[in-house]
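>>> here is a sequence with its predicted model. Questions after.
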Amino acid sequence: MSSAAYANIKLFAGSSHPELCAMIAKRLRIPLAKRNIHQPPSGETKVTIVESVRDCDVYILNTCAGAVNTHLMELCIMIHACRIASARRITAIIPHFFYARQDKKDKSRAPITAKLVANMLREAGCDHVITMDLHASQIQGFFDVPVDNLYAEPATVQYIRQHLDVRNCVIVSPDAGGAKRATSIADRLNTDFALFHKERKKANEVSRMVLVGSVQGKVAILVDDMADTCGTLGLAARSLLEQGATAVYAIVTHGILSGPAIKVINESGLEKLVVTNTIPMAEKVEQCDKLEVIDVSHVLAETIRRSHFGESVSYLFHEVPFSISGE
(Lines give C-alpha, C1' and ligand atoms only; values in the text may rest on other atoms or scores of the structure.)
Protein backbone atom coordinates (compact mmCIF):
# COMPACT_ATOMS: atom_id res chain seq x y z
CA MET A 1 0.00 0.00 0.00
CA SER A 2 1.52 3.32 -1.03
CA SER A 3 2.00 6.14 1.46
CA ALA A 4 -0.41 8.25 -0.61
CA ALA A 5 -3.21 5.88 0.44
CA TYR A 6 -2.62 6.95 4.05
CA ALA A 7 -2.55 10.67 3.29
CA ASN A 8 -5.71 11.24 5.32
CA ILE A 9 -4.40 9.46 8.46
CA LYS A 10 -2.82 11.40 11.30
CA LEU A 11 -1.09 9.33 13.99
CA PHE A 12 -0.17 11.20 17.17
CA ALA A 13 2.01 9.87 19.98
CA GLY A 14 1.30 10.77 23.58
CA SER A 15 4.23 10.90 25.99
CA SER A 16 3.55 7.51 27.64
CA HIS A 17 4.94 5.25 24.88
CA PRO A 18 6.42 7.16 21.91
CA GLU A 19 8.57 4.14 20.93
CA LEU A 20 5.54 1.96 20.20
CA CYS A 21 3.87 4.75 18.23
CA ALA A 22 7.02 5.24 16.15
CA MET A 23 7.10 1.51 15.36
CA ILE A 24 3.45 1.61 14.25
CA ALA A 25 4.12 4.64 12.04
CA LYS A 26 7.10 2.86 10.47
CA ARG A 27 4.97 -0.20 9.66
CA LEU A 28 2.29 2.03 8.11
CA ARG A 29 4.99 4.00 6.27
CA ILE A 30 3.65 7.32 7.49
CA PRO A 31 5.33 10.07 9.50
CA LEU A 32 4.20 10.72 13.06
CA ALA A 33 1.97 13.79 13.18
CA LYS A 34 3.53 16.76 14.95
CA ARG A 35 2.36 17.88 18.37
CA ASN A 36 3.89 19.64 21.34
CA ILE A 37 3.22 18.45 24.90
CA HIS A 38 4.47 20.58 27.75
CA GLN A 39 4.24 20.23 31.51
CA PRO A 40 4.70 23.72 32.98
CA PRO A 41 5.67 24.17 36.66
CA SER A 42 2.01 24.78 37.52
CA GLY A 43 1.36 21.06 36.97
CA GLU A 44 -1.11 21.55 34.12
CA THR A 45 -0.71 19.78 30.78
CA LYS A 46 -0.40 21.98 27.69
CA VAL A 47 -0.94 20.41 24.26
CA THR A 48 -0.49 22.03 20.86
CA ILE A 49 -1.47 20.22 17.64
CA VAL A 50 1.13 21.57 15.21
CA GLU A 51 -0.39 20.47 11.88
CA SER A 52 -3.84 20.55 10.35
CA VAL A 53 -6.21 17.66 11.14
CA ARG A 54 -9.26 19.07 9.32
CA ASP A 55 -11.32 16.21 7.85
CA CYS A 56 -8.61 13.68 8.81
CA ASP A 57 -8.85 10.23 10.38
CA VAL A 58 -6.93 10.87 13.61
CA TYR A 59 -5.33 8.18 15.83
CA ILE A 60 -3.87 9.11 19.22
CA LEU A 61 -1.83 6.58 21.21
CA ASN A 62 -1.36 6.80 24.97
CA THR A 63 -1.13 3.82 27.29
CA CYS A 64 -1.61 3.28 31.03
CA ALA A 65 1.99 3.45 32.20
CA GLY A 66 4.19 5.67 34.33
CA ALA A 67 2.38 8.88 35.33
CA VAL A 68 -1.05 7.31 34.68
CA ASN A 69 -3.22 10.31 35.59
CA THR A 70 -1.05 12.73 33.60
CA HIS A 71 -1.20 10.51 30.52
CA LEU A 72 -4.97 10.06 30.80
CA MET A 73 -5.51 13.81 31.01
CA GLU A 74 -3.04 14.32 28.16
CA LEU A 75 -5.04 11.89 25.98
CA CYS A 76 -8.32 13.67 26.73
CA ILE A 77 -6.80 17.06 25.93
CA MET A 78 -5.34 15.80 22.63
CA ILE A 79 -8.71 14.31 21.64
CA HIS A 80 -10.48 17.56 22.47
CA ALA A 81 -7.89 19.62 20.58
CA CYS A 82 -8.40 17.50 17.45
CA ARG A 83 -12.19 17.56 17.82
CA ILE A 84 -12.42 21.35 17.85
CA ALA A 85 -9.88 21.45 14.98
CA SER A 86 -12.48 19.67 12.78
CA ALA A 87 -11.02 16.15 12.65
CA ARG A 88 -13.37 13.79 10.80
CA ARG A 89 -12.92 10.87 13.20
CA ILE A 90 -10.80 10.44 16.34
CA THR A 91 -9.61 7.06 17.59
CA ALA A 92 -7.92 6.59 20.96
CA ILE A 93 -5.38 3.76 20.91
CA ILE A 94 -4.95 2.61 24.51
CA PRO A 95 -2.98 -0.68 24.48
CA HIS A 96 -3.23 -0.96 28.29
CA PHE A 97 -6.53 0.63 29.30
CA PHE A 98 -6.56 3.16 32.12
CA TYR A 99 -8.06 1.95 35.44
CA ALA A 100 -9.15 -1.36 33.87
CA ARG A 101 -9.05 -3.16 37.24
CA GLN A 102 -11.58 -0.75 38.75
CA ASP A 103 -14.38 -2.13 36.61
CA LYS A 104 -17.04 -3.00 39.20
CA LYS A 105 -18.50 -1.93 42.52
CA ASP A 106 -17.12 -4.70 44.72
CA LYS A 107 -17.86 -3.01 48.05
CA SER A 108 -19.90 -0.14 49.46
CA ARG A 109 -19.01 3.31 48.12
CA ALA A 110 -16.40 1.90 45.70
CA PRO A 111 -16.09 3.83 42.42
CA ILE A 112 -16.34 2.23 38.97
CA THR A 113 -13.41 4.23 37.66
CA ALA A 114 -13.16 2.44 34.31
CA LYS A 115 -16.66 3.74 33.54
CA LEU A 116 -15.55 7.25 34.51
CA VAL A 117 -12.62 6.97 32.08
CA ALA A 118 -15.02 5.88 29.33
CA ASN A 119 -17.19 8.94 30.03
CA MET A 120 -14.15 11.24 29.96
CA LEU A 121 -13.01 9.94 26.57
CA ARG A 122 -16.50 10.26 25.11
CA GLU A 123 -16.97 13.81 26.40
CA ALA A 124 -13.53 14.78 25.06
CA GLY A 125 -14.74 13.80 21.59
CA CYS A 126 -13.49 10.25 21.04
CA ASP A 127 -15.30 8.32 18.26
CA HIS A 128 -13.58 4.94 18.54
CA VAL A 129 -11.31 3.06 20.98
CA ILE A 130 -8.66 0.44 20.22
CA THR A 131 -7.27 -1.48 23.19
CA MET A 132 -5.74 -4.87 23.97
CA ASP A 133 -6.70 -7.61 26.44
CA LEU A 134 -9.08 -5.63 28.63
CA HIS A 135 -9.00 -6.86 32.22
CA ALA A 136 -12.75 -7.43 31.87
CA SER A 137 -14.28 -7.49 28.39
CA GLN A 138 -17.48 -5.97 29.84
CA ILE A 139 -15.65 -2.61 29.95
CA GLN A 140 -16.58 -2.34 26.27
CA GLY A 141 -20.15 -1.85 27.47
CA PHE A 142 -19.14 1.31 29.34
CA PHE A 143 -18.74 3.06 25.99
CA ASP A 144 -21.34 4.47 23.61
CA VAL A 145 -18.74 4.36 20.80
CA PRO A 146 -17.20 1.31 19.07
CA VAL A 147 -14.43 -0.49 20.98
CA ASP A 148 -12.00 -2.92 19.32
CA ASN A 149 -10.56 -5.12 22.07
CA LEU A 150 -7.61 -6.88 20.48
CA TYR A 151 -6.05 -10.04 21.90
CA ALA A 152 -2.44 -11.00 22.53
CA GLU A 153 -3.45 -14.68 22.27
CA PRO A 154 -2.31 -15.17 18.63
CA ALA A 155 1.12 -13.72 19.44
CA THR A 156 1.29 -15.86 22.61
CA VAL A 157 0.47 -19.05 20.69
CA GLN A 158 3.05 -18.15 18.03
CA TYR A 159 5.73 -17.57 20.71
CA ILE A 160 5.04 -20.92 22.41
CA ARG A 161 5.18 -22.82 19.10
CA GLN A 162 8.46 -21.16 18.12
CA HIS A 163 10.29 -21.46 21.46
CA LEU A 164 8.91 -24.50 23.31
CA ASP A 165 8.00 -28.13 22.67
CA VAL A 166 4.21 -27.91 22.64
CA ARG A 167 3.85 -31.68 23.17
CA ASN A 168 5.45 -31.36 26.61
CA CYS A 169 3.65 -28.20 27.82
CA VAL A 170 0.73 -27.52 30.11
CA ILE A 171 -1.02 -24.14 30.15
CA VAL A 172 -1.72 -22.83 33.65
CA SER A 173 -4.04 -20.03 34.76
CA PRO A 174 -2.86 -18.31 37.97
CA ASP A 175 -6.49 -17.80 39.05
CA ALA A 176 -10.03 -18.87 38.18
CA GLY A 177 -10.72 -15.52 36.48
CA GLY A 178 -8.16 -16.26 33.77
CA ALA A 179 -9.41 -19.79 33.07
CA LYS A 180 -11.16 -18.81 29.83
CA ARG A 181 -7.98 -17.23 28.43
CA ALA A 182 -5.83 -20.22 29.43
CA THR A 183 -8.25 -22.86 28.10
CA SER A 184 -8.51 -21.02 24.78
CA ILE A 185 -4.71 -21.12 24.38
CA ALA A 186 -4.56 -24.75 25.51
CA ASP A 187 -7.23 -25.70 22.96
CA ARG A 188 -5.34 -23.99 20.12
CA LEU A 189 -2.13 -25.77 21.09
CA ASN A 190 -3.89 -29.06 21.91
CA THR A 191 -2.20 -29.20 25.32
CA ASP A 192 -3.32 -29.87 28.89
CA PHE A 193 -4.69 -27.17 31.17
CA ALA A 194 -4.45 -26.48 34.91
CA LEU A 195 -5.42 -23.60 37.19
CA PHE A 196 -4.76 -22.21 40.64
CA HIS A 197 -7.40 -21.38 43.19
CA LYS A 198 -6.02 -18.50 45.22
CA GLU A 199 -7.14 -16.81 48.41
CA ARG A 200 -6.21 -13.21 49.19
CA LYS A 201 -5.92 -11.53 52.58
CA LYS A 202 -5.85 -8.13 50.83
CA ALA A 203 -5.22 -6.62 47.38
CA ASN A 204 -1.95 -7.71 45.71
CA GLU A 205 -1.22 -10.20 48.52
CA VAL A 206 -2.02 -13.90 48.03
CA SER A 207 -2.21 -16.05 51.14
CA ARG A 208 -2.70 -19.53 49.63
CA MET A 209 -2.69 -21.17 46.19
CA VAL A 210 -4.09 -24.61 45.36
CA LEU A 211 -3.32 -26.25 41.99
CA VAL A 212 -6.16 -27.98 40.14
CA GLY A 213 -4.63 -30.28 37.51
CA SER A 214 -1.27 -31.98 36.95
CA VAL A 215 2.05 -30.52 35.77
CA GLN A 216 4.24 -33.52 36.65
CA GLY A 217 7.17 -33.83 34.25
CA LYS A 218 5.99 -31.01 32.00
CA VAL A 219 6.89 -27.42 31.16
CA ALA A 220 4.30 -25.18 32.84
CA ILE A 221 3.31 -21.97 31.07
CA LEU A 222 1.49 -19.40 33.21
CA VAL A 223 -0.69 -17.04 31.16
CA ASP A 224 -2.40 -13.88 32.41
CA ASP A 225 -3.48 -10.44 31.20
CA MET A 226 -1.12 -8.45 33.43
CA ALA A 227 1.75 -8.74 35.89
CA ASP A 228 1.88 -6.01 38.53
CA THR A 229 3.86 -6.77 41.70
CA CYS A 230 4.37 -10.36 40.45
CA GLY A 231 3.65 -11.86 43.88
CA THR A 232 1.16 -14.28 42.35
CA LEU A 233 3.56 -15.35 39.57
CA GLY A 234 6.37 -15.90 42.08
CA LEU A 235 4.20 -18.07 44.32
CA ALA A 236 2.74 -19.94 41.36
CA ALA A 237 6.18 -20.70 39.90
CA ARG A 238 7.40 -22.07 43.23
CA SER A 239 4.29 -24.19 43.64
CA LEU A 240 4.50 -25.57 40.08
CA LEU A 241 8.12 -26.64 40.57
CA GLU A 242 7.17 -28.31 43.87
CA GLN A 243 4.39 -30.15 42.01
CA GLY A 244 6.87 -31.64 39.55
CA ALA A 245 7.05 -29.16 36.65
CA THR A 246 10.41 -29.35 34.84
CA ALA A 247 10.40 -25.60 34.06
CA VAL A 248 8.04 -22.65 34.43
CA TYR A 249 7.44 -19.82 31.95
CA ALA A 250 5.02 -16.92 32.31
CA ILE A 251 3.45 -15.02 29.41
CA VAL A 252 1.41 -11.89 30.16
CA THR A 253 0.07 -9.07 28.00
CA HIS A 254 0.70 -6.03 30.20
CA GLY A 255 3.98 -5.93 32.13
CA ILE A 256 3.21 -3.28 34.75
CA LEU A 257 6.01 -4.60 37.02
CA SER A 258 5.58 -2.15 39.88
CA GLY A 259 7.15 -2.13 43.35
CA PRO A 260 9.19 -5.27 44.08
CA ALA A 261 8.28 -6.98 40.78
CA ILE A 262 11.78 -7.11 39.28
CA LYS A 263 13.26 -8.48 42.53
CA VAL A 264 10.49 -11.10 42.73
CA ILE A 265 11.09 -12.22 39.13
CA ASN A 266 14.86 -12.42 39.56
CA GLU A 267 14.48 -14.53 42.72
CA SER A 268 11.64 -16.70 41.40
CA GLY A 269 11.84 -20.09 39.74
CA LEU A 270 10.65 -18.63 36.42
CA GLU A 271 12.77 -19.42 33.38
CA LYS A 272 11.32 -16.40 31.56
CA LEU A 273 8.63 -13.77 31.95
CA VAL A 274 7.40 -12.88 28.47
CA VAL A 275 5.44 -9.63 28.08
CA THR A 276 4.19 -7.56 25.15
CA ASN A 277 5.26 -3.97 24.56
CA THR A 278 1.87 -2.43 25.38
CA ILE A 279 3.86 -0.75 28.17
CA PRO A 280 7.45 0.58 27.77
CA MET A 281 9.81 -2.22 28.84
CA ALA A 282 13.34 -1.09 27.89
CA GLU A 283 14.31 0.02 31.41
CA LYS A 284 12.88 -3.14 33.02
CA VAL A 285 14.63 -5.45 30.54
CA GLU A 286 17.98 -3.94 31.55
CA GLN A 287 17.24 -4.84 35.19
CA CYS A 288 16.07 -8.40 34.58
CA ASP A 289 17.63 -11.06 32.33
CA LYS A 290 14.48 -13.19 32.58
CA LEU A 291 12.33 -10.61 30.79
CA GLU A 292 11.53 -11.04 27.09
CA VAL A 293 9.33 -8.72 25.03
CA ILE A 294 6.89 -9.62 22.23
CA ASP A 295 6.27 -6.77 19.77
CA VAL A 296 2.59 -6.06 19.02
CA SER A 297 3.12 -2.96 16.87
CA HIS A 298 2.24 -4.95 13.73
CA VAL A 299 -1.13 -5.91 15.26
CA LEU A 300 -1.95 -2.29 16.12
CA ALA A 301 -0.74 -1.05 12.72
CA GLU A 302 -2.89 -3.56 10.87
CA THR A 303 -5.85 -2.61 13.08
CA ILE A 304 -5.39 1.05 12.10
CA ARG A 305 -5.17 0.11 8.43
CA ARG A 306 -8.30 -2.04 8.57
CA SER A 307 -10.20 0.58 10.58
CA HIS A 308 -9.26 3.36 8.17
CA PHE A 309 -10.34 1.42 5.09
CA GLY A 310 -13.48 -0.03 6.67
CA GLU A 311 -12.30 -3.64 6.77
CA SER A 312 -13.09 -6.26 9.40
CA VAL A 313 -10.80 -6.37 12.45
CA SER A 314 -12.02 -9.76 13.73
CA TYR A 315 -9.38 -11.58 11.65
CA LEU A 316 -6.78 -10.25 14.11
CA PHE A 317 -8.55 -11.95 17.04
CA HIS A 318 -7.24 -15.29 15.80
CA GLU A 319 -4.25 -14.62 13.54
CA VAL A 320 -0.97 -12.70 13.71
CA PRO A 321 -0.53 -10.34 10.73
CA PHE A 322 2.82 -10.90 9.05
CA SER A 323 2.87 -7.43 7.51
CA ILE A 324 0.70 -4.53 6.51
CA SER A 325 -1.22 -5.49 3.37
CA GLY A 326 0.79 -4.56 0.32
CA GLU A 327 4.12 -4.34 2.18
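Received it, and whenever you're ready, just let me know what you need. Numbering: from 1, shown residues only.
>>> after whichever strand or helix holds Ala114, next one along is what?
Ala114 belongs to helix 113-124 when assigned by DSSP states H and E. Following helix 113-124 in sequence order, the next helix or strand is strand 128-132 (DSSP H and E).
>>> partner strands of that next one, with direction?
Here strand 128-132 has these sheet partners by DSSP bridges: strand 89-94 (parallel), strand 147-150 (parallel).
>>> and the angle from that strand to helix 113-124?
Here strand 128-132 points in a direction 150 degrees away from that of helix 113-124 (axes from the mean of the first three to the mean of the last three Cα atoms, to 10 degrees).
>>> which residues in the stretch 201-327 of the chain form helices?
231-242, 261-267, 282-287, 297-308 (DSSP state H, counting those that start in this stretch).
>>> looking at those helices, which is closest to Leu11?
Among those, the nearest to Leu11 by Cβ to Cβ is helix 297-308 (7.3 Å). C-betas here are computed from N, CA, C, even on glycine.
>>> what comes into contact with the closest one?
1, 6, 8-9, 11, 20, 23-24, 27-28, 57, 59, 61, 91, 93, 95, 128, 130, 132, 148, 150, 154-155, 277, 311-313, 315-316, 320-325 (Cβ atoms under 8 Å, 6 or more residues apart in numbering).
>>> now with 6 Å, please.
9, 20, 23-24, 27-28, 57, 59, 130, 313, 316, 321, 324 (Cβ atoms under 6 Å, 6 or more residues apart in numbering).
>>> by neighbour count, which of the residues you listed wins?
Of the contacts of helix 297-308, Tyr59 is surrounded by the most neighbours, 28 neighbours in total, counting by other Cβ atoms under 10 Å.
>>> please identify the helix or strand for that one.
Element membership for Tyr59 (DSSP H and E) is strand 57-61.
>>> quick one: low-confidence parts of the stretch 1-150 of the chain?
1-5 (pLDDT under 70).
>>> show me where it has helices.
Secondary structure of the stretch 1-150 of the chain, counting by DSSP H, counting those that start in this stretch: helices at 18-28, 68-83, 113-124.
>>> can you list the buried residues in the longest one?
Going back to what we said before, that points to helix 68-83. Across helix 68-83, burial judged by 16 or more other Cβ atoms under 10 Å covers 70-83.
>>> list the contacts of the spatially closest residue to Asp295 that is not a sequence neighbour.
Spatial nearest neighbour of Asp295, chain neighbours left out: Asn277 (5.7 Å); criterion: Cβ to Cβ, 6 or more residues apart in numbering. Going by Cβ under 6 Å, 6+ apart, Asn277 touches Leu20, Val293, Asp295.
>>> of those residues, which is the nearest to Ala261?
Val293 (14.9 Å).
>>> show me what the helix holding Ala114 is packed against.
When contacts are defined as 3 or more Cβ pairs under 6 Å, 6 or more residues apart in numbering; DSSP states H and E, helix 113-124 sits against helix 68-83.
>>> for the helix it packs on, packing partners?
So helix 68-83, by 3+ Cβ pairs under 6 Å, 6+ apart, packs with strand 46-49, helix 113-124.
>>> in the stretch 151-300 of the chain, which segments are predicted with low confidence?
If you take pLDDT under 70 as the line, the stretch 151-300 of the chain has these spans: 199-207.
>>> ok, 80 please
For the stretch 151-300 of the chain, applying pLDDT under 80 flags the ranges 198-208.
>>> what ranges do the strands span in it?
Along the stretch 151-300 of the chain, the stretches classed as strands by DSSP state E, counting those that start in this stretch are 169-173, 192-202, 205-212, 219-227, 247-255, 272-276, 291-294.
>>> counting neighbours, what do you get for the residue nearest to Ile90 when sequence neighbours are not counted?
Closest residue to Ile90 apart from its sequence neighbours, by Cβ to Cβ, 6+ apart: Val58 at 4.8 Å. Using other Cβ under 10 Å, Val58 has 26 other residues around it.
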